[in-house]
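**Q** Curious how this folds, go ahead:
(2 chains)
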Amino acid sequence: MRQRSLIAVTAALAAGALTLTACGSRDENGGGSSDSGNGGTTTVVIGVDAPLTGDLSALGLGIKNSVDLAAKTANKEKTVEGITFEVEALDDQAQPSSGQQNATKFVADDEVLGVVGPLNSSVGESMQKVLDDAKLVQVSPANTSPALTQGTDWQTDPARPYKSYFRTATTDAIQGPFAAQYLYNDSKKRKVFVIDDKKTYGAGLAGTFTDEFKKLGGDVVGTEHINPDTKDFSAVATKVKNSGADVVYYGGEYPQAGPLSKQIKAAGAKIPLVGGDGIYSAEFIKLAGTTGTGDLATSVGAPVEDLPSAKEFVANYEAEGYKEDYEAYGGYSYDSAWAVIEAVKKVVEDNDGKLPDDAREKVAAAMQDVSFDGVTGPVAFDEFGDATNKQLTVYAVENGDWNDVKSGTYTG
Amino acid sequence: MNELPQQLVNGLLLGSMYGLVALGYTMVYGIVQLINFAHGEIFMTGAFGALTVYLYILPDGTSMLIALPLMIIGAMLVSTTVAVGAERFAYRPLRGAPRLAPLITAIGLSLALQQAVWAWYPDAKSAHTFPSIPGGPFEIGSVTIQTGDIFVLCAAPLSMAILGYFVMRTRTGRGMQATAQDPDTAKLMGINTDRIIVVAFALGAVFAAVGGVAYGLKYGQIDFRMGFILGLKAFTAAVLGGIGNIYGAMLGGLVLGIAEALSTAYISDIPGMNQFGSQSWADVWAFILLILVLLFRPQGLLGERVADRA
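**A** Model prediction:
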């Protein structure tokens, strides 16, 4: 009997080990600016929560670096007199549970007056209440799930669940339909195979896309949900091939989208894979390989490199010599951090140049009226905490790089 | 719908990979009754060993015809070193300790190996591109087979045959059988059981290395966490086939792989089962199958009913 019970114990331990890998190392110094404590200034910490390790670390490190750049710029230009900004970055490994722990950690640190992040909508969901209870303001550069700002009944009865949550990214309520319109009207696709990873972001995006594509008159010839833990999508790829679809829409992120695109083409279906901002990364191109040429992605905003407002950001980012690229959300992360800085500035100015005792609450209130010209265009928030700037762009993989194909504002 | 042959091939390919890794689990378990949970990471380090040979040892642009054998050798060297090192420094000091101790060590070792590759291998923080075999896909009827897949299709049965020959026909192989049956008596008969155990670990690592190269060729990328899920699946395959039985490991792998492919392809076509049919449910079906097999055949598909030794 001993051997069978050993297997049972082993299975239990295996499950435990699965959970263990979800926790992990934390970034100790978080790349904080080193010029703190000079000349008796008050320190304000901007928290960053993003996946700094793991599959999505490329995007997460871009977020961290961009926030760091905003803090450094504010310190250098003395944007807020008497305040030195510091950045504390915590790693959520794209796990909601880690994100929630990090939120608790930020709440416990009195110097933290604003949090930028997270990357994933599912992580955002787990952080919202913790931060809102402490009236700690959160600005996400990348969460696109509509429910985060407009509640679970966002389609019928939008209601803002948390007052301290803001975002500079556009929502999937706009991104999915934007892709559907592009595919139906511009590239004349009629038969789509929809795949998602069942996560908040992926399933939401696939849902809004499907609704609009059907409304336009397109045909959904198949749907499939994949398991993000695996790399073998051959069974799914075979289904796609046999469905006769002329395009695949994928709601999810690049670690799965890249291999998925590759395996669909290997199965013999020479059709483009289309996704949202979650696949708009240089990593996608690397993972999809040469057959990924022609794959499409929508992303929030206009291409950062093309905006005059962004030239300075790109130049400064390069000048700082960050090891990693700013990736899809760099501009939005910079603007998110800058929104926190602007809100702090307003609060400090209203209080005779000092931080008030109830600084967190005041910063959260000031955030609602923040308005400035950011890297990604004018930054301001509507009554739900969503960005008022609703621009989107379609990108295509050409010559091993993302090239913008069409920018526009979605009109329902 | 002529999808079935292709889906069977998909499952066969996935299953062969599970089988190759499962061999290591089953061999080590068969001899020392230890579930080496770090075996998935031995598979992973093997793949990185092959990559290292390609990236840093061979000159750029070496033909895959020459590179591949050298990469396999590199993979075997690395994973065997890791496995033998693990046996010597992590497991041997615990021999005779309660069984839970080496098991916990194995899980710790698994995490340590992952983190070591993550921390020290250049650019290993995200997925690494693995070289591919040039040449287009082959069409056999309605079935498409990639060049990378051919490697797995050949490697799995070949490994099986070599291992079978080794265990049944060689002196060391017979020593392994004897040690598996009764280590103390085997020792009395003059078998160096310590050496036999090292050989079991090394052999398991050799096949894991082949699996690692196969994985890289098939998916075109490897990463530091690739061994974890695949290791668990391979362990499942070993249990399914009857842990301790080398043919059972391969059979369990194939059954598991085919079950995953077919459940993804067909369960959603069954009326009322639509929401349980996607690939995200494939693991669930694979484990339901495992539970069913263990309920009716607790020793696994090919396992023998072992009289309790304790």
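**Q** hey, where'd the helices end up in the chain?
**A** All of this is about chain A. A:2-20, A:57-76, A:96-108, A:121-133, A:147-150, A:172-181, A:200-216, A:234-243, A:254-266, A:282-288, A:308-320, A:330-350, A:359-367 (DSSP state H).
**Q** The chain in question should be chain B.
**A** With DSSP H as the criterion, chain B has helices spanning B:4-32, B:39-52, B:64-86, B:100-120, B:147-169, B:171-181, B:183-188, B:193-219, B:226-241, B:246-266, B:282-296.
**Q** Only alpha carbons, please: show the shortest one as CSV.
**A** Same thing as helix B:183-188. This file holds the C-alpha atoms of helix B:183-188, laid out as CSV (Å, rounded to 0.1, in the frame of the first residue of the first chain):
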residue,chain,number,x,y,z
PRO,B,183,18.3,-4.1,-3.7
ASP,B,184,19.7,-5.8,-0.6
THR,B,185,19.9,-9.2,-2.1
ALA,B,186,21.3,-7.8,-5.3
LYS,B,187,24.0,-6.2,-3.2
LEU,B,188,24.7,-9.6,-1.5
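**Q** ok so, going back, okay, the helices of chain B, which one's buried deepest?
**A** Mean neighbour count (mean count of other Cβ atoms under 10 Å in any protein chain shown) peaks for helix B:39-52 among the helices of chain B, with a mean of 29. (Glycine included, C-beta is placed from N, CA and C.)
**Q** Which strands or helices does the helix or strand bottoming out on mean pLDDT in chain B pack on?
**A** Ranked by mean pLDDT, DSSP states H and E, the helix or strand of chain B with the weakest confidence is strand B:138-140, at a mean of 86. Applying 3 or more Cβ pairs under 8 Å, 6 or more residues apart in numbering or on different chains; DSSP states H and E, one finds that strand B:138-140 contacts strand B:143-145.
**Q** Direction included, what does the strand it packs on pair up with?
**A** strand B:138-140 (antiparallel) (DSSP bridges).
**Q** one step back: could you export the helices of chain B as JSON lines, including distance to B:P131?
**A** Output for the helices of chain B, formatted as JSON lines (distance: least, Cβ to Cβ, whole Å):
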{"stretch": "helix B:4-32", "distance to B:P131": "18"}
{"stretch": "helix B:39-52", "distance to B:P131": "8"}
{"stretch": "helix B:64-86", "distance to B:P131": "7"}
{"stretch": "helix B:100-120", "distance to B:P131": "18"}
{"stretch": "helix B:147-169", "distance to B:P131": "10"}
{"stretch": "helix B:171-181", "distance to B:P131": "34"}
{"stretch": "helix B:183-188", "distance to B:P131": "43"}
{"stretch": "helix B:193-219", "distance to B:P131": "8"}
{"stretch": "helix B:226-241", "distance to B:P131": "16"}
{"stretch": "helix B:246-266", "distance to B:P131": "24"}
{"stretch": "helix B:282-296", "distance to B:P131": "29"}
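**Q** As a markdown table, those helices with mean pLDDT and distance to A:K354 would be great.
**A** Formatted as a markdown table, these follow (pLDDT from 0 to 100; distance: least, Cβ to Cβ, whole Å):
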| stretch | mean pLDDT | distance to A:K354 |
| --- | --- | --- |
| helix B:4-32 | 93 | 62 |
| helix B:39-52 | 97 | 54 |
| helix B:64-86 | 95 | 59 |
| helix B:100-120 | 93 | 44 |
| helix B:147-169 | 91 | 65 |
| helix B:171-181 | 92 | 76 |
| helix B:183-188 | 92 | 75 |
| helix B:193-219 | 95 | 57 |
| helix B:226-241 | 93 | 51 |
| helix B:246-266 | 93 | 61 |
| helix B:282-296 | 90 | 57 |
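**Q** of all these, which lies closest to A:Q256?
**A** Nearest to A:Q256 among those is helix B:193-219; the distance by Cβ to Cβ comes to 11.8 Å.
**Q** That closest one vs chain A: in contact?
**A** Yes. Judged by Cβ under 8 Å from any Cβ of the partner chain, helix B:193-219 and chain A are in contact via B:Y219.
**Q** one step back: now the helices of chain A in JSON lines, please, with extra columns for mean neighbour count.
**A** Converted to JSON lines, those look like this (neighbours: other Cβ atoms under 10 Å in any protein chain shown):
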{"stretch": "helix A:2-20", "mean neighbour count": "14"}
{"stretch": "helix A:57-76", "mean neighbour count": "25"}
{"stretch": "helix A:96-108", "mean neighbour count": "20"}
{"stretch": "helix A:121-133", "mean neighbour count": "22"}
{"stretch": "helix A:147-150", "mean neighbour count": "24"}
{"stretch": "helix A:172-181", "mean neighbour count": "26"}
{"stretch": "helix A:200-216", "mean neighbour count": "22"}
{"stretch": "helix A:234-243", "mean neighbour count": "25"}
{"stretch": "helix A:254-266", "mean neighbour count": "27"}
{"stretch": "helix A:282-288", "mean neighbour count": "22"}
{"stretch": "helix A:308-320", "mean neighbour count": "15"}
{"stretch": "helix A:330-350", "mean neighbour count": "26"}
{"stretch": "helix A:359-367", "mean neighbour count": "22"}
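**Q** wait, which of those is closest to B:T172?
**A** Comparing the helices of chain A by Cβ to Cβ, helix A:2-20 comes nearest, at 24.8 Å.
**Q** Which residues of the stretch 201-310 of chain B lie near chain A?
**A** Residues of the stretch 201-310 of chain B lying near chain A (Cβ under 8 Å from any Cβ): B:219-221, B:223, B:225-226, B:228-229, B:232, B:235, B:239, B:243, B:260-262, B:264-265, B:278-283, B:298, B:306, B:308-310.
**Q** Over to the stretch 1-150 of chain B?
**A** So the stretch 1-150 of chain B meets chain A at B:1-3, B:6-7, B:10-11, B:13-14, B:33, B:35, B:37, B:99-100, B:103-104, B:107, B:110-111, B:114-115, B:118, B:125-127, B:129, B:137, B:144, B:146 (Cβ under 8 Å from any Cβ).
**Q** Please repeat the previous calculation with a cut-off of 7 Å.
**A** Within the stretch 1-150 of chain B, the positions adjacent to chain A are B:1, B:3, B:6-7, B:10, B:13-14, B:33, B:35, B:99-100, B:103, B:107, B:111, B:125-127, B:129, B:137, B:144, B:146 by Cβ under 7 Å from any Cβ of the partner chain.
**Q** For the spatially most central residue of chain A, give its distance to chain B.
**A** Against the mean C-alpha coordinate of chain A, by Cα atoms, centre = their mean, the closest residue is A:A142 at 2.5 Å. Per Cβ to the nearest Cβ, to the nearest Å, A:A142 is found 17 Å from chain B.
**Q** Would you confirm that that residue contacts A:T168?
**A** No. A:A142 is not in contact with A:T168 according to Cβ atoms under 7 Å; the separation is 8.6 Å.
**Q** Spit out the residues that contact these two alike.
**A** Here A:A142 and A:T168 share the contacting residues A:Y332, scored by Cβ atoms under 7 Å, 6 or more residues apart in numbering or on different chains.
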